[in-house]
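Student: Here is a sequence with its predicted model. Questions after.
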Amino acid sequence: MSDIKQQIFQELESLETYALHLRADAMCASKQTDLEVAILTKQVKTLREKNERAKDLIEKSVSILEKLKK
């Protein structure tokens, strides 16, 4: 009977260790996801700024071409 109890306690300890590892992995994954979101947000902001500048340059170019056309 003592051997069975010892085995049960070992199994419980093993499960506890496994649960701790899973929690740590989940926390790391959450931090990684937060980092990825921050990077993607920055990239989107940069792309929007570049698109706005490109739009302005295109409008200026079209305006110049229209003036030259007249």
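Tutor: Thanks, I have it.
Student: mind checking the backbone torsions on the residue nearest the centre of the chain?
Tutor: The centroid of the chain falls nearest to residue 36 when counting by CA atoms, centre = their mean (2.0 Å). Here is the backbone geometry of residue 36 (degrees, to the nearest 10): phi -60, psi -40.
Student: now do residue 58
Tutor: Residue 58 adopts backbone torsions of phi -70, psi -40, taken as degrees, to the nearest 10.
Student: ok, it - how many residues close by?
Tutor: 10 (other CB atoms under 10 Å). Where C-beta positions appear, they are placed from N, C-alpha and C, glycine not excepted.
Student: Mind pulling up the pLDDT for it?
Tutor: Model confidence at residue 58, given as pLDDT, is 96.
Student: and if you look at residue 30?
Tutor: 87.
Student: From residue 36, how far out is it?
Tutor: Distance of residue 30 to residue 36, computed by CB to CB, to the nearest Å: 11 Å.
Student: Please apply the same query to residue 57.
Tutor: Distance from residue 57 to residue 36, by CB to CB: 31 Å.
Student: what's the answer for residue 9, then?
Tutor: As judged by CB to CB, residue 9 and residue 36 stand 40 Å apart.
Student: just the helices in this structure please.
Tutor: Assigned by DSSP state H, the chain shows helices spanning 2-69.
Student: residue ranges with poor pLDDT in it?
Tutor: In the predicted model, the chain carries no residue with pLDDT under 70.
Student: hmm, 80 instead?
Tutor: Low-confidence segments of the chain (pLDDT under 80): 1, 70.
Student: sorry, back to before: and the gap between the residue nearest to the centre of the chain and residue 27?
Tutor: Using CB to CB, residue 36 is found at 15 Å from residue 27.
Student: Fine, thanks again, bye for now.
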